[in-house]
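Asks: Provided below are the primary sequence and the corresponding predicted coordinates.
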Amino acid sequence: MSDMEKATAPSNTMVLAFKEDTALTEMMRLRVSSLQRSGQKRQDGERLLLPHEAVYRLDFHTQELNFSHWNFSLSGHGRVTITGISQHWTPDLTNLMTRQLLEPIGTFWRNADDPEDSALKCLEADMQEFGERIAELAKVRKVMYFLFAFREGAEAANLSCSVEFTPEK
């Protein structure tokens, strides 16, 4: 947790920032280019990384958590979609399969005609359920992976995204 997050989070909360897993993103991009070069098709049910996507991760140092809320900011306009990956995925051994993707997904955005300082929009019920699902899955794993998709002008460099939890009593 950064000093800023510690300063803004009450002492009984834990703020976990999503971090891009650049090595894993690159490995998945190499899989796509390898298939393209060889003319092979993806494995049945395989989920390939799209050019506007990257792999992010959350590391859970504490596993007994209750979801509190999302913290996200996006400079400019665009749409960011976050899709959780349900099981402990070993990308060096297995390809990502569509059945491993969680629902609901988290989506937040600012439309091109919205003022740059306007609040981000999101589907609040889906974001709440998604956050609760992450807390539930944290009980059985120390790391969780996510696909972040950047569309309509959104860029990773303009995004800050974290999830706030409280410890279970």
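Replies: Everything's here; your move. Numbers count the residues shown, from 1 in each chain.
Asks: so what's W89 scoring on pLDDT?
Replies: Per-residue pLDDT puts W89 at 67.
Asks: Also F148?
Replies: On the pLDDT scale, F148 is placed at 97.
Asks: pretty sure F165 contacts S68?
Replies: Yes - counting by CB atoms under 8 Å, S68 is a contact partner of F165 at 5.6 Å. Quick note: C-beta positions are derived from backbone N, CA and C, even for glycine.
Asks: Compare neighbour counts for these two and give me the winner.
Replies: Per other CB atoms under 10 Å, whichever of F165 and S68 has more neighbours is F165, with 22 against 18.
Asks: now that one: how far from R29?
Replies: For F165, the distance to R29 (CB to CB, to the nearest Å) stands at 31 Å.
Asks: Who does H69 form a beta bridge with?
Replies: As for beta bridges, H69 partners with E164 under DSSP bridges.
Asks: What about it, how many residues nearby?
Replies: Neighbours of H69 using other CB under 10 Å come to 13.
Asks: now K139
Replies: A total of 11 residues lie near K139 under the criterion other CB under 10 Å.
Asks: Tell me the confidence at it?
Replies: Predicted confidence (pLDDT) at K139: the value is 91.
Asks: mind listing the helices in this structure by residue range?
Replies: Counting by DSSP state H, the chain has helices at residues 3-8, 22-38, 124-138.
Asks: Which of these has the lowest mean pLDDT?
Replies: helix 3-8 (a mean of 43).
Asks: overlap in contacts of F165 and S68?
Replies: T13 (CB atoms under 8 Å, 6 or more residues apart in numbering).
Asks: Could I get the contacting residues of H77?
Replies: Counting by CB under 8 Å, 6+ apart, H77 has contacts 110-112, 114, 116, 152-154.
Asks: about what we covered before: just send the helices of the chain back as JSON lines, with mean neighbour count and distance to N95 too.
Replies: Below are the helices of the chain laid out as JSON lines (neighbours: other CB atoms under 10 Å; distance: least, CB to CB, whole Å):
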{"stretch": "helix 3-8", "mean neighbour count": "10", "distance to N95": "34"}
{"stretch": "helix 22-38", "mean neighbour count": "13", "distance to N95": "7"}
{"stretch": "helix 124-138", "mean neighbour count": "17", "distance to N95": "21"}
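Asks: Since that was my last question, I'll sign off now.
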